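Asker: after the sequence you'll find the predicted model.
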Amino acid sequence: MRPWRAESSDPSLAMVFMKAFAKLLYWKLCFPDSVDLLRMRLRVVSGPFRGMPYALFACASAHSAKLLGTYEKELHGIIDEIQRDRYEKIIDIGAAEGYYAVGMARENGGLPAIVIAYEAQELGRRLLREVVERNSVKNVEIRGACDVPALAKELTVGLKTLIVCDVEGYERELLDPESVPGLRNSSVLVELHDAPGAPISKIIRGRFHGSHTITEVVSAERTWGDFPVKNFFSRLLPRSLALRAMNEARGFQKWFWMRPLK
């Protein structure tokens with residue numbers, strides 16, 4: 001568990017271990033029900049996936065923010081809406097260690113939806129398997145990288161489908177209803193990755209504006225008010241470290257929540 005980065009440059013493994021253990025112990029004091037020191041297990045503290053047993057570290061994302069439940073907090077209202085809508089099939093593309101894939105498999109309104117989790121990195125798939133096992137969910141299928149033919153094949157069956165997509169810019173190729181017709185009938189929550197000369201959000205909006213309602217969500221800075229539990233011990237935590245624990249190491253971010261009109 002790495003709620004924040006160690007400040008010391010001391011190369012001693014014993015010192016590194018002691019600092020890591022001290023931080024873990026502090027989280028135990030702040031969130032006693034979410035940290036098990038004896039079995040080294042962690043649970044998400046707050047948010048739509050509160051109580052979910054989680055991995056000891058993350059794959060290329062903000063581990064401590066996920067544990068705190070403040071990760072992508074801007075989307076919490078949409079996640080609540082998704083959980084009420086009882087999707088029959090959920091496709092998570094860029095699943096990492098399974099924050100959304102397993103969280104939605106657990107919480108999909110009591111419906112055992114089919115959840116397909118695509119993750120290109122082997123580390124991510126290994127951690128994803130661990131999170132699946134820790135949550136005892138049986139409805140998650142883990143796969144490697146997703147491309148256009150794979151997505152088109154997944155959307156050929158007429159199930160009520162949700163796509164969660166975070167693919168670092170590949171959404172430009174992947175989310176094209178001309179190549180993947182099933183997208184026209186699917187709900188899509190996509191993290192957008194605009195870049196100079198690559199206005200991906202404009203392209204995606206142009207492809208879906210005639211078939212979907214599109215809600216744009218933008219990121220916001222975290223504040224002490226976002227910190228999930230303010231007990232005696234967490235109040236002792238310097239505010240700078242609390243903010244660092246919620247930091248997702250990203251600048252301005254934008255998402256589209258797209259729902260089919262029909």
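Answerer: That came in fine, so what should we check first?
Asker: shouldn't residue 87 be in contact with residue 113?
Answerer: Yes. With contact defined as CB atoms under 8 Å, residue 87 and residue 113 form a contacting pair (5.4 Å). Using the backbone N, CA and C atoms, a C-beta is placed for each residue, glycine as well.
Asker: all strands for the protein, in order.
Answerer: 35-36, 41-43, 53-54, 89-93, 114-118, 140-143, 161-165, 187-192, 212-218, 254-260 (DSSP state E).
Asker: same question for the second one: list its buried residues.
Answerer: Neighbour-count burial for strand 41-43 flags 42, 43 (criterion: 16 or more other CB atoms under 10 Å).
Asker: adjacent strands (with direction) for that strand?
Answerer: Strand 41-43 sits in its sheet next to strand 35-36 (antiparallel), strand 53-54 (antiparallel), going by DSSP bridges.
Asker: how far does that strand sit from the chain's center?
Answerer: Remark: strand 41-43 is offset 16 Å from the chain centroid, using CA atoms, centre = their mean, to the nearest Å.
Asker: residues in contact with residue 243?
Answerer: 222, 223, 224 (CB atoms under 8 Å, 6 or more residues apart in numbering).
Asker: of these, just the buried ones, PyMOL syntax please.
Answerer: In PyMOL syntax, the buried subset of these is picked out as below (16+ other CB under 10 Å):
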select buried, resi 222
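Asker: take the contacts of residue 243 and write them to a markdown table, including pLDDT.
Answerer: Conversion of the contacts of residue 243 to a markdown table gives the following (pLDDT from 0 to 100):
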| residue | pLDDT |
| --- | --- |
| 222 | 95 |
| 223 | 95 |
| 224 | 94 |
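Asker: can you put the contacts of residue 243 in JSON lines and add distance to residue 245?
Answerer: Output for the contacts of residue 243, formatted as JSON lines (distance: CB to CB, whole Å):
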{"residue": "222", "distance to residue 245": "9"}
{"residue": "223", "distance to residue 245": "13"}
{"residue": "224", "distance to residue 245": "11"}
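Asker: who does residue 165 form a beta bridge with?
Answerer: residue 93, residue 190.
Asker: out of the strands paired with strand 41-43, which is the most enclosed?
Answerer: strand 53-54 (a mean of 23; mean count of other CB atoms under 10 Å).
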